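can't give you the sequence, but here's the structure:
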(Lines give C-alpha, C1' and ligand atoms only; values in the text may rest on other atoms or scores of the structure.)
Protein backbone atom coordinates (compact mmCIF):
# COMPACT_ATOMS: atom_id res chain seq x y z
CA UNK A 1 0.00 0.00 0.00
CA UNK A 2 1.45 3.37 -1.03
CA UNK A 3 0.37 6.82 0.03
CA UNK A 4 1.78 9.00 -2.75
CA UNK A 5 -1.64 10.63 -3.10
CA UNK A 6 -1.48 11.83 0.49
CA UNK A 7 2.18 12.25 1.34
CA UNK A 8 4.83 13.90 -0.82
CA UNK A 9 8.50 13.00 -0.61
CA UNK A 10 10.47 15.41 1.59
CA UNK A 11 11.96 18.35 -0.33
CA UNK A 12 15.68 18.57 -1.05
CA UNK A 13 16.26 21.03 1.76
CA UNK A 14 14.20 19.18 4.39
CA UNK A 15 15.59 19.59 7.89
CA UNK A 16 15.63 17.02 10.70
CA UNK A 17 12.17 18.06 11.94
CA UNK A 18 10.48 17.65 8.57
CA UNK A 19 12.25 14.36 7.80
CA UNK A 20 11.06 12.75 11.02
CA UNK A 21 7.59 14.25 10.65
CA UNK A 22 7.41 12.60 7.22
CA UNK A 23 8.40 9.22 8.63
CA UNK A 24 5.95 9.55 11.53
CA UNK A 25 3.03 10.41 9.24
CA UNK A 26 3.97 7.48 7.01
CA UNK A 27 3.92 5.24 10.11
CA UNK A 28 0.51 6.61 11.03
CA UNK A 29 -0.93 5.84 7.59
CA UNK A 30 0.74 2.43 7.22
CA UNK A 31 -1.42 -0.55 8.31
CA UNK A 32 1.62 -2.11 10.03
CA UNK A 33 2.66 1.16 11.64
CA UNK A 34 6.09 1.05 9.99
CA UNK A 35 8.15 3.45 7.89
CA UNK A 36 11.44 2.26 6.46
CA UNK A 37 14.30 4.73 6.41
CA UNK A 38 15.30 3.48 2.98
CA UNK A 39 12.25 5.41 1.75
CA UNK A 40 14.44 8.47 2.30
CA UNK A 41 17.31 6.70 0.52
CA UNK A 42 15.05 6.11 -2.47
CA UNK A 43 14.30 9.81 -2.71
CA UNK A 44 18.02 10.58 -2.77
CA UNK A 45 18.64 7.84 -5.36
CA UNK A 46 16.03 9.35 -7.67
CA UNK A 47 17.65 12.75 -7.31
CA UNK A 48 21.05 11.22 -8.12
CA UNK A 49 19.60 9.66 -11.27
CA UNK A 50 18.33 13.08 -12.26
CA UNK A 51 21.86 14.40 -12.01
CA UNK A 52 21.38 16.39 -8.83
CA UNK A 53 24.10 14.39 -7.05
CA UNK A 54 26.94 12.12 -8.06
CA UNK A 55 27.11 8.67 -6.46
CA UNK A 56 29.68 9.64 -3.84
CA UNK A 57 27.70 12.66 -2.70
CA UNK A 58 24.48 10.63 -2.68
CA UNK A 59 26.04 8.02 -0.37
CA UNK A 60 27.39 10.71 1.95
CA UNK A 61 24.02 12.44 2.02
CA UNK A 62 22.28 9.20 2.99
CA UNK A 63 24.59 8.85 5.99
CA UNK A 64 24.07 12.48 6.97
CA UNK A 65 20.30 12.17 6.83
CA UNK A 66 20.31 8.93 8.81
CA UNK A 67 22.24 10.67 11.55
CA UNK A 68 19.88 13.66 11.51
CA UNK A 69 16.86 11.36 11.76
CA UNK A 70 18.30 9.27 14.58
CA UNK A 71 19.25 12.38 16.57
CA UNK A 72 15.81 13.94 16.12
CA UNK A 73 14.03 10.75 17.17
CA UNK A 74 16.26 10.66 20.26
CA UNK A 75 15.34 14.27 21.08
CA UNK A 76 11.62 13.56 20.77
CA UNK A 77 11.84 10.35 22.76
CA UNK A 78 13.84 11.97 25.55
CA UNK A 79 11.56 15.02 25.73
CA UNK A 80 8.26 13.13 25.67
CA UNK A 81 9.17 9.86 27.41
CA UNK A 82 6.12 7.58 27.39
CA UNK A 83 4.09 10.17 25.45
CA UNK A 84 6.20 9.57 22.32
CA UNK A 85 4.52 6.74 20.37
CA UNK A 86 7.35 5.90 17.94
CA UNK A 87 10.66 4.06 18.17
CA UNK A 88 13.51 3.09 15.88
CA UNK A 89 14.12 -0.60 15.28
CA UNK A 90 17.30 -2.08 16.75
CA UNK A 91 19.03 -2.02 13.36
CA UNK A 92 17.92 1.57 12.76
CA UNK A 93 16.22 0.68 9.48
CA UNK A 94 12.62 1.33 10.54
CA UNK A 95 10.62 3.85 12.49
CA UNK A 96 7.71 2.04 14.12
CA UNK A 97 4.69 2.75 16.25
CA UNK A 98 5.37 1.25 19.67
CA UNK A 99 3.47 -1.84 20.84
CA UNK A 100 0.05 -1.09 22.27
CA UNK A 101 1.18 -1.45 25.89
CA UNK A 102 3.95 1.14 25.37
CA UNK A 103 2.10 3.95 23.61
CA UNK A 104 -0.11 5.51 26.25
CA UNK A 105 -1.54 8.81 25.15
CA UNK A 106 -0.62 8.19 21.51
CA UNK A 107 -3.53 10.31 20.30
CA UNK A 108 -2.10 13.38 22.05
CA UNK A 109 1.11 13.29 20.04
CA UNK A 110 -0.60 12.33 16.78
CA UNK A 111 -3.06 15.20 17.20
CA UNK A 112 -0.16 17.65 17.32
CA UNK A 113 1.64 15.96 14.43
CA UNK A 114 -1.31 16.00 12.04
CA UNK A 115 -2.63 19.44 13.02
CA UNK A 116 0.81 20.97 12.48
CA UNK A 117 0.56 19.90 8.81
CA UNK A 118 -3.02 20.99 8.14
CA UNK A 119 -1.83 23.98 6.11
CA UNK A 120 1.36 25.13 4.40
CA UNK A 121 2.79 21.63 4.63
CA UNK A 122 5.42 20.61 2.07
CA UNK A 123 4.64 16.93 2.66
CA UNK A 124 0.96 16.37 3.56
CA UNK A 125 -0.92 16.50 0.25
CA UNK A 126 -4.33 15.41 1.54
CA UNK A 127 -5.26 17.17 4.75
CA UNK A 128 -8.76 16.61 6.13
CA UNK A 129 -11.64 18.41 4.46
CA UNK A 130 -12.74 21.80 5.76
CA UNK A 131 -15.43 20.39 8.04
CA UNK A 132 -13.15 17.81 9.65
CA UNK A 133 -10.41 20.41 10.06
CA UNK A 134 -12.82 22.78 11.78
CA UNK A 135 -13.97 20.05 14.17
CA UNK A 136 -10.38 19.32 15.11
CA UNK A 137 -9.32 22.93 15.53
CA UNK A 138 -12.40 24.22 17.35
CA UNK A 139 -13.36 21.21 19.46
CA UNK A 140 -10.74 18.49 19.74
CA UNK A 141 -7.70 20.76 20.00
CA UNK A 142 -9.54 22.61 22.77
CA UNK A 143 -9.97 19.27 24.54
CA UNK A 144 -6.29 18.46 24.12
CA UNK A 145 -5.17 21.92 25.28
CA UNK A 146 -7.33 21.83 28.41
CA UNK A 147 -5.94 18.43 29.38
CA UNK A 148 -2.37 19.55 28.62
CA UNK A 149 -2.66 22.66 30.79
CA UNK A 150 -4.17 20.58 33.61
CA UNK A 151 -1.12 18.32 33.40
CA UNK A 152 1.23 21.28 33.14
CA UNK A 153 0.06 22.73 36.46
CA UNK A 154 -0.90 19.32 37.88
CA UNK A 155 -4.21 20.75 38.98
CA UNK A 156 -7.87 21.36 38.07
CA UNK A 157 -8.73 23.14 34.82
CA UNK A 158 -11.79 24.87 33.35
CA UNK A 159 -12.31 24.98 29.58
CA UNK A 160 -13.28 28.41 28.25
CA UNK A 161 -12.84 27.91 24.50
CA UNK A 162 -15.87 28.60 22.33
CA UNK A 163 -18.15 26.78 21.81
CA UNK A 164 -18.24 25.43 25.38
CA UNK A 165 -19.81 22.00 25.56
CA UNK A 166 -21.16 22.75 29.02
CA UNK A 167 -23.44 25.40 27.51
CA UNK A 168 -22.19 27.90 30.10
CA UNK A 169 -21.92 31.60 29.44
CA UNK A 170 -18.48 33.09 29.95
CA UNK A 171 -19.55 34.58 33.29
CA UNK A 172 -20.94 31.23 34.43
CA UNK A 173 -17.63 29.59 33.55
CA UNK A 174 -15.72 32.27 35.46
CA UNK A 175 -18.03 31.78 38.46
CA UNK A 176 -17.38 28.03 38.39
CA UNK A 177 -13.65 28.70 38.20
CA UNK A 178 -13.86 30.97 41.26
CA UNK A 179 -15.97 28.48 43.21
CA UNK A 180 -13.71 25.53 42.39
CA UNK A 181 -10.45 27.36 43.09
CA UNK A 182 -11.94 29.12 46.13
CA UNK A 183 -10.57 32.49 45.13
CA UNK A 184 -11.88 35.49 43.21
CA UNK A 185 -15.40 36.67 42.42
CA UNK A 186 -16.96 36.82 38.97
CA UNK A 187 -18.05 40.19 37.66
CA UNK A 188 -21.73 39.97 36.67
CA UNK A 189 -22.48 41.55 34.31
CA UNK A 190 -19.01 41.75 32.75
CA UNK A 191 -17.25 45.09 32.60
CA UNK A 192 -17.15 47.25 29.43
CA UNK A 193 -13.69 46.02 28.45
CA UNK A 194 -15.07 42.46 28.10
CA UNK A 195 -17.46 43.27 25.24
CA UNK A 196 -14.89 42.81 22.47
CA UNK A 197 -14.26 39.17 23.44
CA UNK A 198 -17.70 38.16 24.66
CA UNK A 199 -17.47 34.47 23.70
CA UNK A 200 -14.38 33.40 25.63
CA UNK A 201 -12.77 36.58 26.91
CA UNK A 202 -9.63 35.74 24.97
CA UNK A 203 -8.88 32.73 27.19
CA UNK A 204 -9.22 29.06 26.30
CA UNK A 205 -8.41 27.40 29.62
CA UNK A 206 -7.75 28.35 33.23
CA UNK A 207 -6.02 25.93 35.58
CA UNK A 208 -4.57 26.27 39.05
CA UNK A 209 -2.01 24.58 41.26
CA UNK A 210 -3.54 23.67 44.59
CA UNK A 211 -1.60 25.07 47.57
CA UNK A 212 0.74 22.72 49.39
CA UNK A 213 -1.67 22.39 52.33
CA UNK A 214 -4.69 21.92 50.08
CA UNK A 215 -6.38 25.10 51.28
CA UNK A 216 -7.32 28.28 49.44
CA UNK A 217 -6.06 30.24 47.66
CA UNK A 218 -4.13 28.16 45.12
CA UNK A 219 -0.38 28.57 44.69
CA UNK A 220 -0.94 30.11 41.28
CA UNK A 221 -3.49 30.33 38.48
CA UNK A 222 -2.53 29.59 34.88
CA UNK A 223 -4.30 31.28 31.96
CA UNK A 224 -3.93 29.34 28.72
CA UNK A 225 -4.39 29.88 25.01
CA UNK A 226 -4.96 27.09 22.46
CA UNK A 227 -3.36 28.14 19.17
CA UNK A 228 -3.43 25.49 16.45
CA UNK A 229 -2.47 27.62 13.43
CA UNK A 230 0.72 29.09 12.01
CA UNK A 231 -0.13 32.54 13.38
CA UNK A 232 0.12 31.26 16.95
CA UNK A 233 2.95 33.65 17.81
CA UNK A 234 0.52 36.58 17.74
CA UNK A 235 -2.05 34.85 19.96
CA UNK A 236 -0.92 35.13 23.57
CA UNK A 237 -2.98 34.84 26.74
CA UNK A 238 -0.37 37.07 28.37
CA UNK A 239 -1.51 39.89 26.07
CA UNK A 240 -5.15 39.29 27.07
CA UNK A 241 -4.70 38.71 30.79
CA UNK A 242 -5.21 42.22 32.16
CA UNK A 243 -8.32 42.82 30.05
CA UNK A 244 -9.72 39.43 31.05
CA UNK A 245 -9.21 40.05 34.75
CA UNK A 246 -10.64 43.56 34.48
CA UNK A 247 -13.65 42.46 32.46
CA UNK A 248 -14.69 39.27 34.24
CA UNK A 249 -13.52 39.47 37.87
CA UNK A 250 -15.02 41.73 40.51
CA UNK A 251 -12.39 40.46 42.95
CA UNK A 252 -9.30 39.06 41.29
CA UNK A 253 -7.91 35.65 42.32
CA UNK A 254 -5.63 36.09 45.33
CA UNK A 255 -2.62 34.25 43.96
CA UNK A 256 0.16 34.51 41.42
CA UNK A 257 -0.69 34.38 37.70
CA UNK A 258 1.13 32.65 34.90
CA UNK A 259 0.36 32.14 31.21
CA UNK A 260 0.84 29.35 28.69
CA UNK A 261 0.21 28.78 24.99
CA UNK A 262 -0.49 25.31 23.60
CA UNK A 263 0.60 24.73 19.99
CA UNK A 264 0.95 21.62 17.78
CA UNK A 265 4.33 22.59 16.32
CA UNK A 266 7.78 21.36 17.29
CA UNK A 267 9.80 24.39 18.42
CA UNK A 268 13.54 24.73 18.69
CA UNK A 269 15.18 25.99 21.87
CA UNK A 270 15.86 29.24 20.02
CA UNK A 271 12.15 29.66 19.24
CA UNK A 272 11.24 29.08 22.88
CA UNK A 273 13.70 31.79 23.87
CA UNK A 274 12.40 34.14 21.19
CA UNK A 275 8.69 33.83 21.99
CA UNK A 276 8.76 32.88 25.66
CA UNK A 277 8.77 36.46 26.94
CA UNK A 278 5.51 37.26 25.18
CA UNK A 279 3.75 33.95 25.85
CA UNK A 280 5.08 32.83 29.20
CA UNK A 281 5.48 29.07 28.79
CA UNK A 282 4.85 27.40 25.43
CA UNK A 283 3.63 23.81 25.35
CA UNK A 284 4.78 22.69 21.93
CA UNK A 285 4.81 19.19 20.44
CA UNK A 286 7.78 18.21 22.60
CA UNK A 287 5.95 19.23 25.79
CA UNK A 288 2.16 19.29 25.41
CA UNK A 289 1.59 15.54 24.81
CA UNK A 290 3.61 14.65 27.89
CA UNK A 291 1.70 17.22 29.96
CA UNK A 292 -1.59 15.75 28.74
CA UNK A 293 -0.46 12.25 29.67
CA UNK A 294 0.47 13.48 33.15
CA UNK A 295 -3.05 14.88 33.52
CA UNK A 296 -4.61 11.56 32.52
CA UNK A 297 -2.47 9.75 35.08
CA UNK A 298 -3.45 12.25 37.79
CA UNK A 299 -7.11 11.79 36.85
CA UNK A 300 -6.78 8.16 37.90
CA UNK A 301 -5.87 9.47 41.36
CA UNK A 302 -8.88 11.76 41.49
CA UNK A 303 -7.82 15.00 39.78
CA UNK A 304 -10.82 16.63 38.11
CA UNK A 305 -10.63 18.87 35.04
CA UNK A 306 -12.86 19.78 32.11
CA UNK A 307 -12.68 17.79 28.86
CA UNK A 308 -11.49 14.58 30.52
CA UNK A 309 -14.45 12.63 29.20
CA UNK A 310 -13.79 13.91 25.67
CA UNK A 311 -10.20 12.67 25.44
CA UNK A 312 -11.18 9.49 23.59
CA UNK A 313 -12.66 11.55 20.76
CA UNK A 314 -9.17 12.53 19.61
CA UNK A 315 -8.47 8.90 18.74
CA UNK A 316 -11.79 8.55 16.93
CA UNK A 317 -11.07 11.61 14.77
CA UNK A 318 -7.56 10.36 13.95
CA UNK A 319 -8.81 6.89 13.03
CA UNK A 320 -11.49 8.36 10.77
CA UNK A 321 -8.98 10.55 8.94
CA UNK A 322 -6.51 7.68 8.56
CA UNK A 323 -9.30 5.47 7.22
CA UNK A 324 -10.05 8.00 4.49
CA UNK A 325 -6.39 8.08 3.46
CA UNK A 326 -6.11 4.28 3.40
CA UNK A 327 -9.29 3.84 1.37
CA UNK A 328 -7.89 6.12 -1.32
CA UNK A 329 -4.55 4.29 -1.48
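Received, thanks. The structure displayed is predicted, hence computed values, not measured ones.

can you map out the helices along the stretch 101-250 of the chain?
Along the stretch 101-250 of the chain, counting by DSSP state H, counting those that start in this stretch, helices occupy 106-115, 130-135, 141-153, 170-181, 237-248.

who does the longest one touch, helix- and strand-wise?
This points to helix 141-153. helix 106-115, strand 157-159, strand 205-209, strand 220-226, strand 256-262, strand 281-283, helix 288-299, helix 312-328 (3 or more Cβ pairs under 8 Å, 6 or more residues apart in numbering; DSSP states H and E). In this view, the C-beta of every residue, glycine as well, is placed from N, C-alpha and C.

quick one on the thing from earlier: got the helices of the stretch 101-250 of the chain as CSV, with distance to residue 261, mean pLDDT and mean neighbour count columns?
Output for the helices of the stretch 101-250 of the chain, formatted as CSV (distance: least, Cβ to Cβ, whole Å; pLDDT from 0 to 100; neighbours: other Cβ atoms under 10 Å):
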stretch, distance to residue 261, mean pLDDT, mean neighbour count
helix 106-115, 13, 99, 25
helix 130-135, 20, 97, 12
helix 141-153, 9, 98, 29
helix 170-181, 19, 96, 20
helix 237-248, 7, 94, 19
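
and those: which comes nearest residue 299?
Nearest of these to residue 299, taken as Cβ to Cβ: helix 141-153 at 8.3 Å.

tilt between that closest one and helix 312-328?
On the basis of axes from the mean of the first three to the mean of the last three Cα atoms, to 10 degrees, helix 141-153 is oriented at 130 degrees to helix 312-328.

quick one, helix 141-153 and strand 205-209 angle?
Using the same axes, to 10 degrees: helix 141-153 against strand 205-209 is 20 degrees.

following element in sequence after the lowest-mean-pLDDT helix or strand in the chain, please.
Using mean pLDDT, DSSP states H and E, helix 38-49 stands out as the lowest-scoring helix or strand of the chain, at a mean of 69. Using DSSP states H and E, the next helix or strand after helix 38-49 towards the C-terminus is helix 55-80.

other SSEs contacting that following helix?
Counting by 3+ Cβ pairs under 8 Å, 6+ apart, helix 55-80 packs on helix 16-29, helix 38-49, strand 86-88, helix 288-299.

make TSV out of the helices of the stretch 101-250 of the chain and add distance to residue 328.
Converted to TSV, those look like this (distance: least, Cβ to Cβ, whole Å):
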stretch	distance to residue 328
helix 106-115	16
helix 130-135	14
helix 141-153	25
helix 170-181	41
helix 237-248	39
